[in-house]
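A.B. asks: Quick one, what's the 3D model for this:
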Amino acid sequence: MATRTTTSVLAFMNAQIKQLQQNNRFGTALNYRKTMLSFTQYLAGKDINFNKISDNLIQNYNAYLLQRGMTRNTTSFYMRTLRAIYNKAIKQKLTSQSFPFSDVYTGIDRTRKRAIDEKTISQLFKLHLTPNSPLALARDLFIFSYCTRGMAFADMAYLKKSSLYNGYISYSRRKTGQLLTIKAEPIIEEIIARYNNSSTPYLFPIITSTNPQIAYAQYQQGINVYNRHLGTLSKMLSSSTKLTSYTARHSWATAARNHNIPISVISAGMGHTSEQTTRIYLASLENSIIDDANRGILEGLK
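C.D. replies: Okay, the predicted model is just below:
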């Protein structure tokens with residue numbers, strides 16, 4: 001094993017990326033690679049030893065990112081990832097803890113979330129679209145997500161035919177590992193039936209490969225295409241809210257609250273680990289409702 005004074009940061013990061021890829025943790029590997037490329041640019045391509053990671057260096061790197069117009073959430077992403085790598089190096093006794101990230105922001109600013117109402121959901125559901133077209137698939141995935149209590153795109157992409165059994169869908173959330181079971185209501189079954197393809201183990205035509213690395217690349221491409229088509233569908237609706245891969249989840253939570261469903265039920269339905277998480281989640285949706293109400297009031301001034 002290399003000594004404390006000779007172990008270089010970029011070399012260690014590269015080794016961690018390879019290890020993550022071998023363990024099929026492609027999302028984390030991608031985050032590490034993005035951070036490594038950014039940090040390499042800051043260092044002008046010169047590697048450094050871990051004992052050079054100091055408060056001053058990290059603050060200067062943070063300033064470097066901000067000067068390039070990055071948001072606090074983006075700079076925080078790089079700082080959190082670099083800190084995780086730094087902590088791994090500490091566990092491997094490659095350096096000692098000096099808390100160099102104490103004076104930079106590593107939190108997450110809550111971005112404003114938007115939901116569409118049930119009337120708009122119905123309008124989207126009834127849109128006349130060419131069957132089997134990319135737009136029709138995007139619409140069906142959005143409605144499927146809404147009908148399955150806001151199933152995340154990653155979970156839909158990796159959902160297998162074996163997950164559907166005896167009228168129920170059972171799957172583990174990729175984000176938390178929590179097992180969820182959902183009754184396959186008629187609307188859900190209709191959408192699934194439209195994409196029944198015996199040549200693939202997956203329910204939807206997003207991922208086709210069983211090779212983990214190829215499957216992850218297909219998922220990445222799939223979510224980009226999905227969001228692009230949702231942007232097109234947004235222009236076909238009466239709502240001014242732009243649809244994204246998260247909108248269906250936000251919309252289901254809002255609809256559930258509007259139907260006076262208890263927080264505990266909404267929490268369980270969304271797969272949240274605590275009711276407090278659900279309360280925070282719903283609170284982040286409130287501003288859009290208040291803004292809409294205020295806009296109606298101010299219309300009287302015109």
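A.B. asks: drop to CA atoms for contacts and neighbour counts, all remaining ones
C.D. replies: Will do.
A.B. asks: Residues touching the strand or helix carrying T28, excluding its own?
C.D. replies: T28 is located in helix 26-42, with elements delineated by DSSP states H and E. With contacts defined as C-alpha atoms under 8 Å, 6 or more residues apart in numbering, helix 26-42 is touched by 10, 13-14, 16-18, 20-21, 46-47, 61, 64, 78, 81-82, 213, 216.
A.B. asks: Quick one, which of these are buried?
C.D. replies: Buried subset of these (neighbour count, 16 or more other C-alpha atoms under 10 Å): 10, 13, 16-17, 20-21, 61, 78, 81-82, 216.
A.B. asks: Can you lay out these as TSV showing pLDDT?
C.D. replies: Shown next, in TSV, are the buried ones among the contacts of helix 26-42 (pLDDT from 0 to 100):
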residue	pLDDT
L10	96
M13	96
Q16	96
I17	96
L20	95
Q21	94
Y61	97
Y78	97
T81	97
L82	97
Y216	94
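A.B. asks: Roughly how far does the nearest residue to S162 once chain neighbours are set aside sit from G231?
C.D. replies: Nearest non-adjacent residue to S162, counting by C-alpha to C-alpha, 6 or more residues apart in numbering: P201, 7.8 Å away. Distance, P201 to G231, by C-alpha to C-alpha, to the nearest Å: 29 Å.
A.B. asks: And those two? Which one has more around it.
C.D. replies: Legend: neighbour count by other C-alpha atoms under 10 Å for P201 and G231, higher for P201 (18 against 15).
A.B. asks: distance of that one from D103?
C.D. replies: 48 Å.
A.B. asks: List the buried residues in the lengthiest helix in the chain.
C.D. replies: Across the chain, the longest stretch assigned as helix under DSSP state H is helix 212-234. Judged by neighbour count (16+ other C-alpha under 10 Å), helix 212-234 contains these buried residues: 215-216, 218-220, 222-223, 225-230, 233-234.
A.B. asks: Quickly check those residues for the two that are furthest apart.
C.D. replies: A215 and S234 (28.0 Å; C-alpha to C-alpha).
A.B. asks: List the contacts of the residue nearest to S54 when sequence neighbours are not counted.
C.D. replies: Setting aside the residues directly before and after it, S54 is nearest to P100 in space (C-alpha to C-alpha, 6+ apart), at 5.1 Å. By C-alpha under 8 Å, 6+ apart, P100 lies in contact with 53-56, 58.
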